[in-house]
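Trainee: This is a predicted model, with the sequence first.
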Amino acid sequence: MKLPYALRNQLKIPLGLLLPENQTDKKNIQKHLSKNSYIITVGDRTTKKMIEFGLIPSLQIIDGQEKREKKEPPKLANAIELTVQNPAAEITSQSIEMIKNALTMQPPVRLFVDGEEDLLVLPVCIYAPENAIVLYGQPNEGLVIVKITPEIRNKVQSLLDLME
């Protein structure tokens with residue numbers, strides 16, 4: 001599926017709560033997590049930040065880049081590591097299958113994307129377990145926190161339906 005140009009602005013609207021950059025500390029993030037939250041991070045900076053806070057994401061989707069610059073992924077012991085190809089402005093069927101598969105594995109699971117991971121937040125919101133928490137960065141604004149509910153799944157599915 002390719003991202004049509006007309007949909008780009010719509011995808012800049014956060015899917016959940018936007019926590020401003022100056023409030024993205026451990027305490028503020030924990031307010032949105034329950035004791036056994038299934039945490040999913042999409043993006044290198046978000047993943048690194050959560051690991052530094054000791055909030056180990058069950059599923060981490062990274063591409064080894066932050067704002068188009070190569071970055072060393074954060075170290076994580078005992079993680080299952082998977083790799084998938086996903087070109088920029090696309091969501092491949094292989095990526096969707098890999099996300100579904102990763103969600104069945106014993107956490108933590110790290111999915112390394114050869115290409116770009118940004119749009120993979122959409123299939124993650126469709127296939128993540130109910131009440132999972134998806135975290136991703138909103139460039140130059142802060143951290144988006146999405147609690148997976150039927151309403152979020154419907155909203156994201158309608159966006160996916162607009163992709164070509």
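Mentor: Happy to help now that I have it. Numbering: from 1, shown residues only.
Trainee: And stretch 92-101, how far out from the chain middle?
Mentor: Distance, stretch centre to chain centre, for stretch 92-101: 13 Å (Cα atoms, centre = their mean, to the nearest Å).
Trainee: Equivalent analysis for stretch 95-105, please.
Mentor: 13 Å.
Trainee: Identify all contacting residues around the lengthiest helix in the chain.
Mentor: Counting residues, the longest helix found in the chain (DSSP state H) is helix 150-161. Residues from elsewhere that reach helix 150-161 (Cβ atoms under 8 Å, 6 or more residues apart in numbering): 1, 7, 10-11, 15-16, 91, 122-123, 125-126, 146. Any C-beta I mention is one placed from the backbone N, CA and C, and that applies to glycine too.
Trainee: Report the two of these separated the most.
Mentor: The span of these, defined through Cβ to Cβ, is set by 1 and 16 at 21.7 Å.
Trainee: For the lowest-mean-pLDDT helix or strand in the chain, enumerate the helices and strands it packs against.
Mentor: Here the helix or strand of the chain ranked lowest by mean pLDDT, DSSP states H and E is strand 69-70, holding a mean of 72. Using 3 or more Cβ pairs under 8 Å, 6 or more residues apart in numbering; DSSP states H and E as the contact criterion, no helix or strand is in contact with strand 69-70.
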